[in-house]
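Peer 1: Provided below for reference: sequence and predicted model.
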Amino acid sequence: MPTLAVAKDAMRDYAKLTKPIRDKVDAIFAKFRTHTYAGLHLEKLSNARDPRLRTVRVDDFWRGLVLAPESGDTYVLTRIVTHDEADRWAPRHEFKVNATHGALEIIDVVSAEQLPPAPTAATSPGLLSSIADGTLRAVGIDDIYLPMLRLISSEEQLLSYLPALPELQQQAVSLLLAGLDVDTVLDQITGGAPRGDVDVTDIDAALSRPTSASNFLVSAEDASLREALEKPFDLWRTFLHPQQRSVAYRASYSGPARVTGGAGTGKTVLAIHRAKHLADTRPGAAILLTTFTTTLAEELRSALHVLGGAHLADRVQVSTVDALAHGLARQAGQGPEGVLLDRDEMKLWANVAQRRRAGQGRFGPEFLRDEWRQIILGQDITDLSAYLDASRFGRGVRLTRSDREVVWQAVEEFERLKAGVPTMLQVAVRVTRLLENGSIDTPYTHIIVDEAQDLHPAQWRLLRAAVPPGPDDLFIVGDSHQRIYDNRVTLSTLGVEIRGRSHRLTVSYRTTAEILRLSTRLLDQQSYDNFDGGLDPLAGYYSPLRGPRPDLDGFPDRDSELRELVTAVGLWLESGVQAREIAVLSRTKRQAEEAAAALAGSGLSTVRLKGAVRGRSEAIQVMTMHRAKGLEFRCIAVHGAGADVIPLAAAVTPARIDASRHRQDQMRERSLLFVACTRARDALRISWTGLPSPFLPTG
Ligand SMILES: Nc1ncnc2c1ncn2[C@@H]1O[C@H](COP(=O)(O)OP(=O)(O)OP(=O)(O)O)[C@@H](O)[C@H]1O
């Protein structure tokens, strides 16, 4: 039975059409469904490079470009363009089934044949000179690209020429350049799909492979096509990368599974699809999807709705870990009357440090708070003797036995001062005990954890206790490059054994290659962990998207920096970007207030997001970098990125007090800037007053 598949590009075209034209395209799909497509007059184009290309008339002006197979039943709607665009597209494109991984690919022959200038003796040798042609072919690079790839001699050229390749081939080149071997590269780009013989003439077989599903929707059921056409902007619902698909829709994991990947690689998308898979295949299962903040929880709820409607949104509970702890405590009749907020906790520690002059001033309030949170609460230590024996791995300063006694006295004083009012972490610890001793029933059968990098050990213990160990108990997604709070964990010590069930995503779907390049340079090749004692490199992290280079601009004084910020935001608005698609980010709250005042003072509609302010109004979004975690915007302006603010002195332990802490604090500040910059989809500008942050690249 003939069917009409849809290419991702055609879906993008469809999204831009007006309703009356969309209706006409829908009518074409309907004709295929009722087998009356023969009346559609699929016409040959005289100038087509690929003899299988046909056009179908949508109306006087619009044409569908369709791949009509020589044999087989699947036609592919490839683009929906104007009559003139169809005439330009036809002579420069051809369809090919990739001989290695079997995906159907569209080759832009003209771009493929454009060559960079040949390297001279003065320039470096070809960037891919250490990679043999055979290796390139073995990961699916089409011969047509070899002359071009051989001539690429700089990263700049790679940025301009790589987009000529189909996406899986671009990714393969990036992974090879990152030093991965052929098998690993193939695993990454195919999602581990079995690779049999490929018949390059068989379009039906190609379209049925998972490697094609990232670019083509073959609608086995009417409903899935109709749903896709109803929400054509949300491409993530339909066109998953083969790896995203294979990880999200794996029938079952025998225990906790982990997915890492740089910013914008679709980890949250994958988590949402996993939730759908569990909801669809486990009737009666109790599924929890957790994240870090209430804002992000709202985003997850609406994404569940977009993917699976009210049915999915109702099936999956979404909550922050704090709200989970609170809810369970209340359910057990132990809901605390009040909770000590972070800033009030800090005041108490300052009070304790001052009153006790803890360790004759050696232990300041931040040290005491961190020791309490990370070691004492982290290991659920309840008495001095356990503290004297506790491992303090990861804490820089060594403590003698008498130091520990001093710290313990300070902790006791802190407990007295707060008079039984728990912090959020203490609520988590309490609830975990209730779950562990059976006072509360285990509430969930599956828990999916987003933004895993910032969870505290006590929160991990709570999650561990809230779901019985077993298949599909925990599905964890996160990125340690984006860790902006002080929580490091080794999951295996907390009862979460990943054991080989780990995956890494490398394609950025959000950020352009230009923004990605700048953002990864901020991280300065430091080592980042995988939450389990190992390393999580960003090797092969790349973006197929292209855009303008980020703007980096220094100013002599804050007034002129803010004036220019207002001008830049104004230009984005003039170019058609909606106000709510613009975020203005800073390291400190004061800077955010200044920017909000400057923007509002110039008559621009502005909302300052902080604390309980939720949602996205129709205004420019001004917030701190911390508040932007997990969000995304078309345009990002990072301001106040001067050397005096990033890294923020108050957030970094001086090296003379604790060298290892100093290093970690610096890394966290780098990560914060990385998070801020990678929120941008299309455009990024960074500005400062005086000297730039030392994290910003100089060249
Ligand atoms: N397969 C896909 N096709 C199209 N768009 C996608 C796909 N996967 C992800 N995206 C889009 O890419 C963007 C980033 O995705 P997502 O938020 O899931 O990434 P992330 O890895 O969780 O990011 P971060 O860690 O930076 O918060 C989103 O706009 C999402 O809709």
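Peer 2: Thanks, I have it.
Peer 1: leaving out sequence neighbours, find the closest residue to the residue positioned nearest the centre of the chain.
Peer 2: Most central in the chain under C-alpha atoms, centre = their mean is Gly264, positioned 3.0 Å from the mean C-alpha point. Ranked by C-beta to C-beta, 6 or more residues apart in numbering and with sequence neighbours excluded, the top spatial neighbour of Gly264 is Arg510, at 3.0 Å. No exception for glycine: its C-beta is placed from N, CA and C like everyone else's.
Peer 1: quick check, pLDDT for the residue in the stretch 451-600 of the chain positioned nearest to the ligand.
Peer 2: For the stretch 451-600 of the chain and the ligand, the shortest gap (C-beta to the nearest ligand atom) falls at Tyr509, measuring 3.2 Å. Per-residue pLDDT puts Tyr509 at 96.
Peer 1: Asp187 too?
Peer 2: Asp187 carries a pLDDT value of 95.
Peer 1: helices or strands up against the host helix or strand of Tyr161?
Peer 2: Using DSSP states H and E, Tyr161 sits within helix 155-161. The helices and strands touching helix 155-161, judged by 3 or more C-beta pairs under 8 Å, 6 or more residues apart in numbering; DSSP states H and E, are helix 146-151, helix 513-522.
Peer 1: just name the most buried of those helices.
Peer 2: helix 513-522 (a mean of 22; mean count of other C-beta atoms under 10 Å).
Peer 1: Leu127 is in contact with Gln157, correct?
Peer 2: Yes: counting by C-beta atoms under 8 Å, Leu127 is a contact partner of Gln157 at 7.5 Å.
Peer 1: hang on, the earlier thing: turn the helices and strands packed on helix 155-161 into JSON lines, columns for mean pLDDT.
Peer 2: What follows is those, written out as JSON lines (pLDDT from 0 to 100):
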{"stretch": "helix 146-151", "mean pLDDT": "96"}
{"stretch": "helix 513-522", "mean pLDDT": "95"}
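Peer 1: possible to save these as JSON lines with distance to Asp389?
Peer 2: Output for these, formatted as JSON lines (distance: least, C-beta to C-beta, whole Å):
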{"stretch": "helix 146-151", "distance to Asp389": "58"}
{"stretch": "helix 513-522", "distance to Asp389": "40"}
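Peer 1: which among the ones you listed is found nearest to Leu691?
Peer 2: With respect to Leu691, and counting by C-beta to C-beta, the nearest of the helices and strands packed on helix 155-161 is helix 513-522 at 16.2 Å.
Peer 1: pLDDT of the one helix or strand Trp89 maps to, averaged?
Peer 2: Trp89 is part of helix 83-89 when elements are defined by DSSP H and E. Average pLDDT, helix 83-89: 96.
Peer 1: in that helix, what counts as buried?
Peer 2: Ala86, Asp87, Trp89 (16 or more other C-beta atoms under 10 Å).
Peer 1: what is it packed up against?
Peer 2: With contacts taken as 3+ C-beta pairs under 8 Å, 6+ apart, helix 83-89 sits against strand 62-67, strand 74-82.
Peer 1: adjacent strands (with direction) for the last one?
Peer 2: Yep, that's strand 74-82 we're talking about. Next to strand 74-82 in the sheet, as set by DSSP bridges, lie strand 3-7 (parallel), strand 62-67 (antiparallel).
Peer 1: a markdown table for those strands, including distance to Pro336?
Peer 2: Converted to a markdown table, the strands paired with strand 74-82 look like this (distance: least, C-beta to C-beta, whole Å):
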| stretch | distance to Pro336 |
| --- | --- |
| strand 3-7 | 53 |
| strand 62-67 | 61 |
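Peer 1: can you list those strands in TSV and add distance to the ligand, mean pLDDT and mean neighbour count?
Peer 2: Listed next are the strands paired with strand 74-82 as TSV, based on distance: least, C-beta to the nearest ligand atom, whole Å; pLDDT from 0 to 100; neighbours: other C-beta atoms under 10 Å:
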stretch	distance to the ligand	mean pLDDT	mean neighbour count
strand 3-7	13	91	23
strand 62-67	21	96	24
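Peer 1: contacts only, for Arg150.
Peer 2: Going by C-beta atoms under 8 Å, 6 or more residues apart in numbering, Arg150 touches Gly126, Leu128.
Peer 1: and Ala5, by the same measure?
Peer 2: Neighbour list for Ala5: Thr74, Tyr75, Val76, Leu77, Leu207, Phe216, Leu217, Val218, Ser219 [criterion: C-beta under 8 Å, 6+ apart].
Peer 1: could you look up the SS state of the one residue in the stretch 551-699 of the chain that gets nearest to the ligand?
Peer 2: Per C-beta to the nearest ligand atom, the residue of the stretch 551-699 of the chain with the smallest distance to the ligand is Gly630, at 4.6 Å. Under DSSP: H, G, I helix; E, B strand; the rest coil, Gly630 falls in the coil class.
Peer 1: helix or strand for the closest residue to it other than its chain neighbours, which one?
Peer 2: Leaving aside its chain neighbours, Gly630 sits nearest to Leu296 (4.5 Å; criterion: C-beta to C-beta, 6+ apart). Secondary structure assigned from DSSP H and E places Leu296 in helix 294-315.
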